[in-house]
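Visitor: Provide a 3D model corresponding to the input given below.
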Amino acid sequence: MHIYTLLLSGVIGISCSLQAIAQEKNIQELFTKDTTKPSFFKKVTLTGVFQARYTISFTQDVDVTGTYHPNAADEVVRNSFSIRRARLQVKAQISDRFSASTLINLAEFNGDPKGKVLENAFISYRWNDKLNFTIGQFRPSFGLEDLYPVDIIKSLDFSNQYYSFGSNGWQSFQIGASMFGTFKNGKLPVSYAISVVNGNNRNQVTDDDNGKLATARLELGPKETFAVGLNGGFGSVKKRGVYAAGLDVAGTIKLFDKWDIQIQTEYKRGTNHRFFYGLPDSLRTDPIRRYQMGGIYFLPNIRYNINYHKLTSIEFSVRYEYFNEDLDHNGNVRQTWMPMISLAFLKDYGGRIQLGMQLDNYDRSVAGTKTKSSNLFVAQVQCRL
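Guide: Below is the predicted model:
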């Protein structure tokens, strides 16, 4: 009887060990990519970026946000610490074809978060390099600045034209669907992107009219050497036709052993329907097609690849931009110079220290708005997760 008890105990022990091994194997398979058969869950990654800055206004009646306060009764705040961005992104690789991504900016809670905070929220399907689909809230490709996150751009911020075309539904975060891909044709790759969006910006429950905006981008060549992008779009806003078009060029020129210069330039023109519908009826003197916005910027960035300990590069850039929100009606031209010096640490700007100026020059000033010639100094520190 004692022998049978020992045998039974042994069988039970072996069974429990095998069960534990099987459970451990199942857990490992859950988080390990299986190349022999498709699995439901592949990988979840968490990334993010944090940007903090100190801003000084050198213009007496302009505050740190760039707002003009003539004859202000209270003190105008002309220097301040602030949190520019505190972004978290979660990306889930569901299968070898499906992925989902969500991006939030917690710094938007500093002010009125309505219509903000949530930036990206989309599902992507990859058929191959030539054919991919995205649906949800994302940035439709309609220019160079749509191809880069703000934490790796070669200036302190995106251009004025980016934000204006974004408020009109062509760029920045929009809700819709997109098809895109790349044809690798030897040394001349060709990339394309076609998008259809609501055009009333991010975090909206529904569209505000029945019209949609359709955009297309065609890019020829690798951006690492020299690439040209063509952008075009058309659509309907409150039963009126609108359009936008643009041309951009990007490239990198090797100067010396550790020196190179990266050049980006972009021209856009299109209907400023947000400006048109924001006017009182008595001031709309022409049809919507006469309300045009447009501009150009030029951004050279000289980089010294130092690779000294954690310091990877020292960079100096100057962006010049000319932008007019109403080209055909004596609009208020805005010219901006933005010189910047940057120290980059780790890989892909994992750490970054930026010192720069925003020098704005307007034809006319408007009290209580940011339409005022001014000079702002910005010191910004960045860390990427």
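Visitor: For the rest of this, base every contact and every neighbour count on C-alpha atoms.
Guide: OK.
Visitor: So Ser164 belongs to a helix, correct?
Guide: Yes: if the criterion is DSSP: H, G, I helix; E, B strand; the rest coil, then Ser164 is within a helix.
Visitor: gap between it and Arg274?
Guide: Computed as CA to CA, to the nearest Å, the Ser164 to Arg274 distance reads 9 Å.
Visitor: now the strands: where do they sit in the stretch 151-300 of the chain?
Guide: 174-183, 190-197, 213-220, 226-237, 240-254, 259-271, 292-304 (DSSP state E, counting those that start in this stretch).
Visitor: tell me how far the first one is from the chain's mean position?
Guide: Meaning strand 174-183. From the chain centre to the centre of strand 174-183 is a distance of 15 Å (CA atoms, centre = their mean, to the nearest Å).
Visitor: cool, and the last one?
Guide: Strand 292-304 has its C-alpha centroid displaced from the chain centroid by 16 Å (CA atoms, centre = their mean).
Visitor: What helices and strands are in contact with that strand?
Guide: Here strand 292-304 touches helix 160-167, strand 259-271, strand 311-324, going by 3 or more CA pairs under 8 Å, 6 or more residues apart in numbering; DSSP states H and E.
Visitor: Which one of the strands of the stretch 151-300 of the chain lies nearest to Ile353?
Guide: Ranking those by distance to Ile353, with CA to CA as the measure, places strand 292-304 first at 14.3 Å.
Visitor: orientation of the closest one relative to strand 259-271 in degrees?
Guide: Between strand 292-304 and strand 259-271, the angle comes out at 170 degrees (axes from the mean of the first three to the mean of the last three CA atoms, to 10 degrees).
Visitor: what comes into contact with strand 292-304?
Guide: 154, 159, 161, 258-272, 313-328 (CA atoms under 8 Å, 6 or more residues apart in numbering).
Visitor: Show me what it pairs with in its sheet, parallel or antiparallel.
Guide: Using DSSP bridges, the strands paired with strand 292-304 are strand 259-271 (antiparallel), strand 311-324 (antiparallel).
Visitor: what pLDDT does the nearest residue to Gly233 once chain neighbours are set aside get?
Guide: Closest residue to Gly233 apart from its sequence neighbours, by CA to CA, 6 or more residues apart in numbering: Thr215 at 4.1 Å. We note a pLDDT of 97 for Thr215 in this prediction.
Visitor: What of Ser9?
Guide: If you check Ser9, the pLDDT there is 43.
Visitor: got it, and Thr47?
Guide: Thr47 carries a pLDDT value of 93.
Visitor: and it, what are its bridge partners?
Guide: Here Thr47 sits in beta bridges with Gln89, going by DSSP bridges.
Visitor: Which residues are in contact with Arg384?
Guide: Contact analysis of Arg384 by CA under 8 Å, 6+ apart lists 47-50, 349-351.
Visitor: Just the ones of these in strands?
Guide: 47-50, 351 (DSSP state E).
Visitor: which among these end up buried?
Guide: 48-50, 351 (16 or more other CA atoms under 10 Å).
Visitor: In CSV, list the residues you listed along with distance to Ser82.
Guide: As requested, those are exported to CSV (distance: CA to CA, whole Å):
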residue, distance to Ser82
Gly48, 18
Val49, 15
Phe50, 11
Gly351, 18
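Visitor: Quick check: phi and psi at the spatially most central residue of the chain.
Guide: Residue closest to the mean C-alpha point of the chain, counted by CA atoms, centre = their mean, is Pro149 at 4.1 Å. The phi/psi pair for Pro149 (degrees, to the nearest 10) reads phi -70, psi 160.
Visitor: And it, what's its pLDDT?
Guide: Pro149 is given a pLDDT of 89.
Visitor: What lies in contact with stretch 232-242?
Guide: By CA under 8 Å, 6+ apart, the surrounding residues in contact with stretch 232-242 are 142, 170, 209-217, 243-246, 270-271, 273, 288-289.
Visitor: re the thing from before, a markdown table for the strands paired with strand 292-304, including distance to Tyr192, mean neighbour count and mean pLDDT?
Guide: Formatted as a markdown table, the strands paired with strand 292-304 follow (distance: least, CA to CA, whole Å; neighbours: other CA atoms under 10 Å; pLDDT from 0 to 100):
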| stretch | distance to Tyr192 | mean neighbour count | mean pLDDT |
| --- | --- | --- | --- |
| strand 259-271 | 17 | 20 | 96 |
| strand 311-324 | 26 | 20 | 96 |
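Visitor: what's the closest non-adjacent residue to Gly229?
Guide: Among residues not flanking Gly229 along the chain, Glu219 sits closest, at 4.2 Å (CA to CA, 6+ apart).
Visitor: my read: the one you found touches Tyr192, true?
Guide: Yes: with contact defined as CA atoms under 8 Å, Glu219 reaches Tyr192; the gap is 6.3 Å.
Visitor: For Asn110, see how far away the residue nearest to the centre of the chain is.
Guide: Applying CA to CA, one obtains 21 Å for the distance of Pro149 from Asn110.
Visitor: With Asp208 instead?
Guide: Asp208 is 27 Å from Asn110, by CA to CA.
Visitor: Tell me which of these two has more neighbours.
Guide: Taking neighbours as other CA atoms under 10 Å, Asp208 and Asn110 compare with Asp208 leading, 13 against 10.
Visitor: Can you name the residues that contact that one?
Guide: Contacts of Asp208 (CA under 8 Å, 6+ apart): Asn200.
Visitor: same deal with Phe109?
Guide: Val117.
Visitor: Would you double-check that it falls in a strand?
Guide: No: Phe109 is assigned helix when assessed by three-state DSSP, not a strand.
Visitor: burial of Cys383, as a residue count?
Guide: By other CA under 10 Å, 18 other residues sit near Cys383.
Visitor: partner residues bridging it?
Guide: The partner residues for Cys383, given DSSP bridges, come to Phe50, Gly351.
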